[in-house]
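*Asks:* What follows is a predicted protein model with its sequence.
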Amino acid sequence: MGSRAFVTGGTGFTGGALCAALRAGGYDVVALVRDGSRTAALESLGVRLVTGDLRDKGSFAAALAGVDVVFHIAAAFREAKLSDVDYHEVNVGGTRNVIEAAAEHGARRVVHCSTIGVHGDTGRTPANEDSPFSPPDHYCRTKLEGELLARKLFEALGIEGVVFRPLGIYGPGDTRFLKLFRGIRRGRFRMIGSGETLYHLTYIEDLCRGIVLCGERSEAVGEVFILGGEGHVTLNELAAEIAAAVGGRVPRRHIPLGPVLLAAALCETVCRPLGIEPPLYRRRVEFFSKDRAADVSKAKRVLGYRPEVTLSQGLRRTAAWYRERDLL
């Protein structure tokens, strides 16, 4: 296409996959990376690297000269050891810096990554883009604040803006779900709670196709889109699918939810003031207790978004990637 894209969070799972998708689509890509990050994969794609920090606009702003579209993917993610100030500085202040720099250097469009977490526990009825906000923790609260700020700045600065809220992202290259795959493969996994909680996954290649559409389609401007797979499943169904992918068994015995939540809260109380990543924290346990399901029909209708990888296919591809690296 001959367009130039600027991607924040290029060394992250989603940011790196997006860089690959953009390069495959003919984009010239510039990626913002943190000092000391592993960049070999990006360099092999022909991505130009800019070392900087979202909190310091001066460290990266000049790199936006000549950029057509900015994809703001980077964020302070769910690490319990991070302080509330860290989350706010990156997820809110960093968002302001990126959008202001884009406007100052003439970028045509900014695509901002939010999260389905802004809706909190969706309940049994899948959320849509107009569902109430109910962020459950400081990460989600700062992501919501960052999203609302982005939408305000798009209008104030006269820049084309699009927001997307991804559902649970997975696929080859990511290890966020490795413990679940490994536990099921080795027969050590135990379901916490009933297992009837709803969960909605997004295969990384499908997500990147949706993100690129947000950057290209004129119909996307001024809109918010939920991007996810074709449908949700219960955790019991997800565990069974993973078992089929890794050749393991799903244990029938479940662990009561209450005591695990209590232990997680205690771990956070002890570890967080010390700057130590807790071995167990509430956000992880809430995976077993909070429904996460959404309706992706708006993205289909407006963007022409179509998830192409089924859950079974995606889980098998992910398991194969783990297996090739002796991670299972």
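*Replies:* Good, I have the coordinates.

*Asks:* Can you point out the buried residues in the least confident helix or strand in the chain by mean pLDDT?
*Replies:* Scoring the helices and strands of the chain by mean pLDDT, DSSP states H and E places helix 282-286 at the bottom, with a mean of 80. Buried residues in helix 282-286, defined by neighbour count with 16 or more other C-beta atoms under 10 Å: 282-286. C-beta: built from backbone N, CA, C; applies to glycine.

*Asks:* In CSV, list those along with distance to residue 24.
*Replies:* Formatted as CSV, the buried residues of helix 282-286 follow (distance: C-beta to C-beta, whole Å):
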residue, distance to residue 24
282, 39
283, 33
284, 34
285, 38
286, 36
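
*Asks:* Can you name every helix or strand that the least confident helix or strand of the chain contacts?
*Replies:* Applying 3 or more C-beta pairs under 8 Å, 6 or more residues apart in numbering; DSSP states H and E, we find helix 282-286 packed against helix 257-271.

*Asks:* Tell me which residues of the helix it packs on come out buried.
*Replies:* Neighbour-count burial for helix 257-271 flags 257, 260-261, 263-264, 267-268, 271 (criterion: 16+ other C-beta under 10 Å).

*Asks:* and if you look at stretch 295-303?
*Replies:* 295-296, 298-299, 303.

*Asks:* Next: stretch 238-250.
*Replies:* 238-243, 245-246, 248, 250.

*Asks:* List the contacts of it.
*Replies:* In this structure, residues lying in contact with stretch 238-250 by C-beta atoms under 8 Å, 6 or more residues apart in numbering are 180-181, 184-187, 189, 191, 195, 199, 201, 233, 236, 311-312, 315-316, 318-319, 322-323, 328.

*Asks:* so which of the buried residues of helix 282-286 comes closest to residue 64?
*Replies:* Using C-beta to C-beta, residue 283 comes nearest to residue 64 of the buried residues of helix 282-286, at 33.0 Å.

*Asks:* so who does the spatially closest residue to residue 282 that is not a sequence neighbour touch?
*Replies:* Excluding the flanking residues, the one nearest residue 282 by C-beta to C-beta, 6 or more residues apart in numbering is residue 264, at 4.6 Å. By C-beta under 8 Å, 6+ apart, residue 264 lies in contact with 278, 280-282, 284-285.
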